[in-house]
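[1] Need the 3D shape of this:
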Amino acid sequence: MHLFSVHVAKAGGTALRHSLAEAFGERLHLQYDDGPMNPASLRNLDPARSVAGLFRPPEDTACTHGHYHPGRFRIDQEDILFALLRPPVDNIISIYFFWKTFRAEGNPLHDYFMREALTIRDFARLPLVRSLYSFSYFGGFDMGRFDILGDYRNRASAIARLSAAIGHPLASEERLNVTAPSEERQAVEADEALKADLRDILIEDIRFFERHAEGR
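    Next up is the predicted model:
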């Protein structure tokens, strides 16, 4: 049995990575070189090959966690597949303000974001952002294959189920890599007209989230 844990950006994956490292130690395989939000990743350079199930993690590992489309790997029947999804508008707001906190580091999308000083509306309209769930992370994948596909707002319940499935205790309340609050973010979160525009832009991902995220 191998655990495949998809770390969706800004949906609690950093804290979960810390817990998985404690649970699995050297048997944890981190997969961050094929980020769905990086235009230069295999996922975006060659989408068909990136989801052809060509790869298995190293044999001496028991858990793979990171930014990747689950179709990258051959996932066997006995394997466990897990992800947390965050409501799209909340998620894009969090990513937007997180991306503003660090310098360009070679991801062409982030470099462009910083160079052009995009507004949050313009950021949300970018194809890889607008379809973060419905294409970038999960496009074409059978979501019924997920053993646990939790709602970030109820992550304690989802992580408790994951703990039971793998037989390892995992922290559910720890929060790491949290985007610092700011007056600008507070203004965005209080702007109902702006959030309505974001809902219109992100409608396909909102439908995806409502169809697949388990709220219990």
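[2] where along this structure do the helices fall?
    For the chain, the helices defined by DSSP state H cover 13-24, 42-45, 47-50, 88-99, 108-116, 120-125, 127-130, 155-166, 183-190, 192-201, 203-212.
[3] nearest to Gly66, of those helices?
    helix 13-24 (8.0 Å; Cβ to Cβ). In short, each C-beta sits where N, CA and C put it, glycine included.
[4] Of the helices of the chain, flag the one that's most buried.
    Compared across the helices of the chain, helix 88-99 shows the largest average neighbour count, a mean of 21 (mean count of other Cβ atoms under 10 Å).
[5] what packs against that helix?
    helix 108-116, helix 120-125, helix 183-190, helix 192-201, helix 203-212 (3 or more Cβ pairs under 8 Å, 6 or more residues apart in numbering; DSSP states H and E).
[6] Regarding the chain, what is its longest strand?
    strand 80-85 (DSSP state E).
[7] Could you give me the buried positions within it?
    Judged by neighbour count using 16 or more other Cβ atoms under 10 Å, the buried positions of strand 80-85 are Ile80, Leu81, Phe82, Ala83, Leu84, Leu85.
[8] Pipe these into JSON lines and attach pLDDT per row.
    As requested, the buried residues of strand 80-85 are arranged in JSON lines below (pLDDT from 0 to 100):
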{"residue": "Ile80", "pLDDT": "98"}
{"residue": "Leu81", "pLDDT": "98"}
{"residue": "Phe82", "pLDDT": "98"}
{"residue": "Ala83", "pLDDT": "97"}
{"residue": "Leu84", "pLDDT": "96"}
{"residue": "Leu85", "pLDDT": "97"}
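[9] name the helices or strands packed onto the helix or strand bottoming out on mean pLDDT in the chain?
    In the chain, no helix or strand scores lower on mean pLDDT, DSSP states H and E than helix 47-50, which sits at a mean of 91. With contacts defined as 3+ Cβ pairs under 8 Å, 6+ apart, helix 47-50 has these neighbours: helix 42-45.
[10] The helix it packs on packs against which elements?
    Applying 3+ Cβ pairs under 8 Å, 6+ apart, we find helix 42-45 packed against helix 47-50.
[11] any residues touching the helix it packs on, and which ones?
    With contacts defined as Cβ atoms under 8 Å, 6 or more residues apart in numbering, helix 47-50 is touched by Asp34, Ser41, Leu42, Arg43, Asn44, His69, Gly71, Arg72, Gly139.
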